[in-house]
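In: Provide a 3D model corresponding to the input given below.
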Amino acid sequence: MNQSYQPRFMVEIKNGKKIVTILLALSCIVSGIILAATPPYKSYKIENVQQLDSLLKVHIQNARINKNQIRTSNILVDTVFTRKDYRIKVPSRFSKTLFHIGLHKDLTRYGIESPAKIYFPSYDMDIFVYHNETILRKIRLTTDVALDTLITREIE
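Out: Sure, this is the predicted structure:
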């Protein structure tokens, strides 16, 4: 009798283990390449409300909104917290949705939420900037047809 005889399923199991080992090694190599190519995590943090106001002002300036279209007021919430409300008049051609999307993308990296509420039929929009279940700022975008004749500078 032949002593080196192995049942067929034993040969298939050994070949299967080799294939699994090769696939596992390849997946480890690919994972290492992906990990090496991924940029390091950058932590964003807003330390105070002045930094938040600065970020909001940058977005307002990038949207080419003039200072005379903006009204701010401070709302006393309780004895230690005051919330700033922005009321911004915009022409009818201004896309409130695109403004909100751009602002939301920037605020999300800081862990700040910015849900919005739209009022019909005027399509005015309130954007609530909040963190830890506290509304920090409110931005109200209202359409003013008198601004439709406003000449805006082109993007350079």
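
In: pLDDT (mean, whole number) over the lengthiest helix in the chain?
Out: What stands out as the longest helix in the chain, according to DSSP state H, is helix 8-37. Mean pLDDT, helix 8-37: 83.

In: Same check on stretch 144-156?
Out: 64.

In: how far is the helix or strand harbouring residue 53 from where the chain is centred?
Out: Using DSSP states H and E, residue 53 falls within helix 49-62. Between the centre of helix 49-62 and the centre of its chain there are 15 Å (CA atoms, centre = their mean, to the nearest Å).

In: Output the contacting helices and strands for the longest helix of the chain.
Out: If contacts are counted by 3 or more CB pairs under 8 Å, 6 or more residues apart in numbering; DSSP states H and E, helix 8-37 sits against no helix or strand. Glycine gets a C-beta too; all of them are placed from N, C-alpha and C.

In: what's the burial count for residue 90?
Out: The number of residues packed near residue 90 is 21, by other CB atoms under 10 Å.

In: got it, and the one 10 residues further on?
Out: Counted with other CB under 10 Å, the neighbours of residue 100 add up to 19.

In: ditto for residue 44
Out: Neighbour tally, residue 44, other CB under 10 Å: 11.

In: Is it in a helix, a strand, or coil?
Out: Three-state assignment for residue 44 (DSSP: H, G, I helix; E, B strand; the rest coil): coil.

In: Is it correct that it is in contact with residue 108?
Out: No. Using CB atoms under 8 Å as the test, residue 44 is too far from residue 108 to be in contact (9.5 Å).

In: circling back: direction included, what does the helix or strand following the helix holding residue 53 pair against?
Out: Downstream of helix 49-62, the first helix or strand assigned by DSSP H and E is strand 70-76. Using DSSP bridges, strand 70-76 pairs in its sheet with strand 82-90 (antiparallel).

In: Could you check the angle the partner strand makes with helix 49-62?
Out: 0 degrees (axes from the mean of the first three to the mean of the last three CA atoms, to 10 degrees).

In: from the middle of its chain, how far away would strand 82-90 be?
Out: 21 Å.

In: what does stretch 60-72 give?
Out: Using CA atoms, centre = their mean, the offset of stretch 60-72 from its chain centre is 22 Å.

In: So for it, what gets flagged as buried?
Out: 60, 63, 65, 69 (16 or more other CB atoms under 10 Å).

In: give me phi/psi at the most centrally placed residue in the chain?
Out: By CA atoms, centre = their mean, the chain has its centre lying nearest to residue 105, at 2.5 Å. Dihedral pair for residue 105: phi -60, psi -40, per degrees, to the nearest 10.
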